[in-house]
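Visitor: structure for this input, please:
(chains A and B)
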Amino acid sequence: MAFGLTRRHFTRGSAALGLASATLARPAIAASEPIRIGWLAALTGPSSTPAIGFDRGVRYQVAQINAAGGVKGRMIELVTRDTQGDPTKAVNATQEMISRVKVHAIWGPTNSGESLAVTPIMARFKMPNIHPCVVDSLIDPVKYPNAFRMAPSNQQWDDAVRNYCLNIAHAKKVAVVGDTTGYGTSAVGASAAAFKKDGADVVYQAQIDATQPDVMPDMLRMKNGGAQAIVVWSVSAAMEARLFDARATLNWDVPFVGHPAMGTGEIKGLVAKPENWDKVYIIGYKSCSFGASGKLPDRSQAFVDSVKGKIALEDTSLWWVVSGVDAISLVAKAVAETGSSAAPDIIGYWNTLKAYPGLFGDFTYTPEQHNGYPTNEVVMSKADSSRMGAFELAPGYT
Amino acid sequence: MLPNIIAAGLAMGAVYALIGVAYNVMFATSRVMSFTAGQLGMLGGVLGALFIHRLGIPAIIGFPLALAGCALVGVITEIVAVRPVLGSLDKHLYVLSTLAFALMIQQFTAIEWSTEPQPFPRLFGIGNGGVGDEKFWLPVIACAVAVIALEYLYRRTLIGHAFLAIAEDNFAARALGLPERNLRMLGFALAGVVGGLAGFSAGELLLAFFANGALLNFYGFVPVALGGLGNNRGAVIGGLALGLFQQAANFVVGGVFASVAVFVVFIVVLLAAPQGLFGAPAARRV
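Guide: Down below sits the predicted model:
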């Protein structure tokens, strides 16, 4: 029988050989290729403060893991894109990370505006995504089975504030105010409704223009209404400082409770006197709060001690830094445990986590619940007590 | 409640009035409504905070430095955004050029200064935040001083008469040999000083914030429209009335609705008197 090599045989043979070599080579390549983690960070622009803090933790943890030999021999490669807080830039960076760089998981974005824009895109490509954004609708295991939250949601913040006012400060008459942004408006509405549902008397509910130079009219209405606590939902440090000053002018000792922005260092320079910042309690976290002994919880204290001189903590929030550490650890752990960086394996592993001991908190996820941060970790802190990015617990906690 | 309304209302009214006067001073020498007036106010606060609070320069030196900075920005406005479009005033290109320049000033300040409000230093330490606090009365005093000084300038000095001549009839003034371009630049520098004075005196109230420019541009225009374009006395009365009404509305109906109330009244007034409450309808030769 004659054996002739035709062009058809050659083409078929080449294709078969190529397919076989590609299939055989894959495990070897996968075993050695770096684990690429996309990091969508608003490192510049007006909303860059949190991302700069997160970034310190992210880079520290990547360096730690790589210095220890990587994850089963695979180094972590961080793919950072500065989104500048702009949803359009975040969308472009996400598409680049998925289509061109081919990352294995994405951490971020770290603000809800960007996250609302990119979450459906990541869901379409089934990209494992972990983020700290608070807007409730960002987590939906049916629509977005790939997206996991590792910080509290708005709902959890709201619950913590309400719990403090009603059950710890025993304030049954509350005023709820916010700024006139979309966030302020929706947060005030939801918070006031929840207070009323729990039987509280909402004596004043309003949006205040953040540029309003005199907030005395609002403060007088709250005082005349008999408010025992003022709940504030705003990121405007200037408006908050004006509220604190107006309270001092009225010689009123009502507590302010609410948004963490009331604890930013800028407030210190904006209030007329430092003591005007007293009795202001902001949302905080047990893991990043000093207890009565003046120490952080053991895990956090050990971390802070170990990074002394390596990570600057004075000008940022500790929870941003430890969240960055935890985000990288969660991806690395998924690859280490499953031996794979394939998207279904990472997502599948995260879905099995039960009280995973992170620095920021113990994360628990199931296929039906991707809000992984425990509500009981959310506490109130004294706004003017910042030290190394952490705060003292508000009065009433033991 | 009434003392609060009067103190805060007069303070903000004085700021609006000064911005209105800055609009008028620029208009008088160029026939241009320059929408940089509010940014001059913003710069007064920012430069004051920069020199006195951040750089630690004594207030007595920081104050004239801040005003000089604003005067310089006024002159640059004339050169960059006004002079190139003077030849086609009927096409109203100055709206675009001055708004664009105002936006540039705002963005430059945001990048180089801060996107967050920064503290403005206490100048005299008078008052404890109540109605007697200096933050409420400094803008009122500044407004009174500025108006008296402008009246003196326009009525008693040769250069003031030259300003009035330019404002009255640009072509005739030039025919008489008045240096129109130099006077126009001087007018813009003067507007810079007036706008800067508004922002500096209200620094403790408004803080040093890049976004104050847009706010002052907007509310500073209202007294101009209410008082009649080019009428400084009208702008002062209109500004003080606006401040008092706005603050009263804040107390009665609350912050968000106060803005609505202000503009409802503004529109009603303009419907009743389109030339402004203190302006006369322009006579036209037919």
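Visitor: going forward, measure contacts between C-alpha atoms and count neighbours the same way
Guide: Noted.
Visitor: what's the span of stretch A:122-133, first residue to last?
Guide: One end of stretch A:122-133 to the other measures 15 Å (Cα to Cα, to the nearest Å).
Visitor: pull out the buried positions in it.
Guide: A:M122, A:A123, A:K126, A:M127, A:P128, A:N129, A:I130, A:H131, A:P132, A:C133 (16 or more other Cα atoms under 10 Å in any protein chain shown).
Visitor: mind putting the residues you listed into a markdown table with secondary structure and distance to chain B?
Guide: Formatted as a markdown table, these follow (DSSP: H, G, I helix; E, B strand; the rest coil; distance: Cα to the nearest Cα, whole Å):
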| residue | secondary structure | distance to chain B |
| --- | --- | --- |
| A:M122 | helix | 31 |
| A:A123 | helix | 34 |
| A:K126 | coil | 37 |
| A:M127 | coil | 34 |
| A:P128 | coil | 34 |
| A:N129 | strand | 30 |
| A:I130 | strand | 29 |
| A:H131 | strand | 25 |
| A:P132 | coil | 23 |
| A:C133 | coil | 22 |
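Visitor: of the residues you listed, which is the nearest to A:N351?
Guide: Comparing those against A:N351 with Cα to Cα places A:P128 closest, at 11.2 Å.
Visitor: check contacts around the residue nearest to A:P274 when sequence neighbours are not counted.
Guide: Take A:P274 and drop its neighbours on the chain: the residue closest to it by Cα to Cα, 6 or more residues apart in numbering or on different chains is A:K268, 6.4 Å away. Contact criterion Cα atoms under 8 Å, 6 or more residues apart in numbering or on different chains gives A:P274, A:W277, A:D384 as the residues in contact with A:K268.
Visitor: so A:K268: helix, strand or coil?
Guide: In three-state terms, and counting by DSSP: H, G, I helix; E, B strand; the rest coil, A:K268 is helix.
Visitor: and the gap between it and A:F244?
Guide: A:K268 is 11 Å from A:F244, by Cα to Cα.
Visitor: just A:L138 next, same as before
Guide: Distance, A:L138 to A:F244, using Cα to Cα: 33 Å.
Visitor: OK, contacts around the residue positioned nearest the centre of chain A?
Guide: Among the residues of chain A, A:P132 comes closest to the average C-alpha position under Cα atoms, centre = their mean, at 2.3 Å. For A:P132, the contacting residues are A:G108, A:P109, A:T110, A:N111, A:R149, A:M150, A:A151, A:P152, by Cα under 8 Å, 6+ apart.
Visitor: for the second one, which non-adjacent residue is spatially closest?
Guide: The shortest distance from A:P109 to any residue other than its chain neighbours is 4.8 Å, reached at A:L40 (Cα to Cα, 6+ apart).
Visitor: show me which residues of the stretch 101-250 of chain B are close to chain A?
Guide: In this structure, the stretch 101-250 of chain B approaches chain A at residues B:T115, B:E116, B:P117, B:Q118, B:P119, B:N128, B:G129, B:G130, B:L205, B:L206, B:N212, B:N250, judged by Cα under 8 Å from any Cα of the partner chain.
Visitor: residues in contact with the second one?
Guide: What that stands for is B:E116. Applying Cα under 8 Å, 6+ apart, the residues contacting B:E116 are A:A237, B:F209, B:F210.
Visitor: which residues touch the residue of the stretch 101-250 of chain B found nearest chain A?
Guide: Chain A sits closest to B:P119 of the stretch 101-250 of chain B, with a gap of 5.0 Å, by Cα to the nearest Cα. Contact partners of B:P119, counting by Cα under 8 Å, 6+ apart, are A:G269, A:L270, B:A49, B:H53, B:E204, B:L207, B:A208.
Visitor: what parts of chain A come near chain B?
Guide: Residues of chain A lying near chain B by Cα under 8 Å from any Cα: A:46, A:180, A:206-209, A:211-214, A:216-218, A:237-238, A:245-246, A:249, A:266, A:269-270.
Visitor: using CSV, write out every CA atom in stretch A:193-203.
Guide: This file holds the C-alpha atoms of stretch A:193-203, laid out as CSV (Å, rounded to 0.1, in the frame of the first residue of the first chain):
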residue,chain,number,x,y,z
ALA,A,193,-37.9,54.8,57.8
ALA,A,194,-36.0,52.2,59.7
PHE,A,195,-36.0,54.3,62.9
LYS,A,196,-39.8,54.7,62.6
LYS,A,197,-40.3,51.0,62.0
ASP,A,198,-38.4,50.3,65.2
GLY,A,199,-40.7,52.6,67.2
ALA,A,200,-38.4,55.7,67.4
ASP,A,201,-39.8,59.2,67.1
VAL,A,202,-38.1,61.0,64.1
VAL,A,203,-38.5,64.6,65.2
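Visitor: so for the closest residue in space to B:N212 that isn't next to it in sequence, what's the pLDDT?
Guide: Nearest residue to B:N212, sequence neighbours excluded (Cα to Cα, 6+ apart): B:M42, at 5.4 Å. Reported pLDDT at B:M42 in the predicted model: 97.
Visitor: let me know how buried B:M42 is, in neighbour terms.
Guide: Using other Cα atoms under 10 Å in any protein chain shown, B:M42 has 36 neighbouring residues.
Visitor: which residues are common contacts for A:K268 and A:F244?
Guide: Listed as contacting both A:K268 and A:F244 by Cα under 8 Å, 6+ apart are A:W277.
Visitor: picking that back up, so which of the contacts of B:P119 is the closest to A:I168?
Guide: Using Cα to Cα, the contacts of B:P119 come closest to A:I168 at A:L270, 28.9 Å.
Visitor: next, count neighbours for that closest one.
Guide: The number of residues packed near A:L270 is 25, by other Cα under 10 Å.
Visitor: wait, it sits on A:A241?
Guide: Yes. A:L270 is within contact range of A:A241, at 5.9 Å (criterion: Cα atoms under 8 Å).
Visitor: where's the residue lying closest to B:L270 once chain neighbours are set aside, which helix or strand?
Guide: Spatially, and ignoring its direct neighbours in sequence, B:L270 is nearest to B:G276 (6.5 Å; Cα to Cα, 6+ apart). Of the helices and strands defined by DSSP states H and E, none includes B:G276.
Visitor: what pairs with A:A229 across the strands?
Guide: Going by DSSP bridges, A:A229 is paired in beta bridges with A:V174.
Visitor: ok, it touching A:D253?
Guide: No. Counting by Cα under 8 Å, A:A229 stays clear of A:D253, with 9.4 Å between them.
Visitor: okay, now the unreliable bits of the chain?
Guide: With no chain named, the answer covers chain A. Along chain A, the model assigns pLDDT under 70 to residues A:1-31, A:46.
Visitor: ah, I was thinking of chain B
Guide: Residue ranges of chain B with pLDDT under 70: B:255, B:279-286.
Visitor: how about 80 then?
Guide: B:1, B:89-90, B:228, B:254-259, B:274-286 (pLDDT under 80).
Visitor: got a list of what B:V194 touches?
Guide: Counting by Cα under 8 Å, 6+ apart, B:V194 touches B:L18, B:I19, B:V21, B:A22, B:A146.
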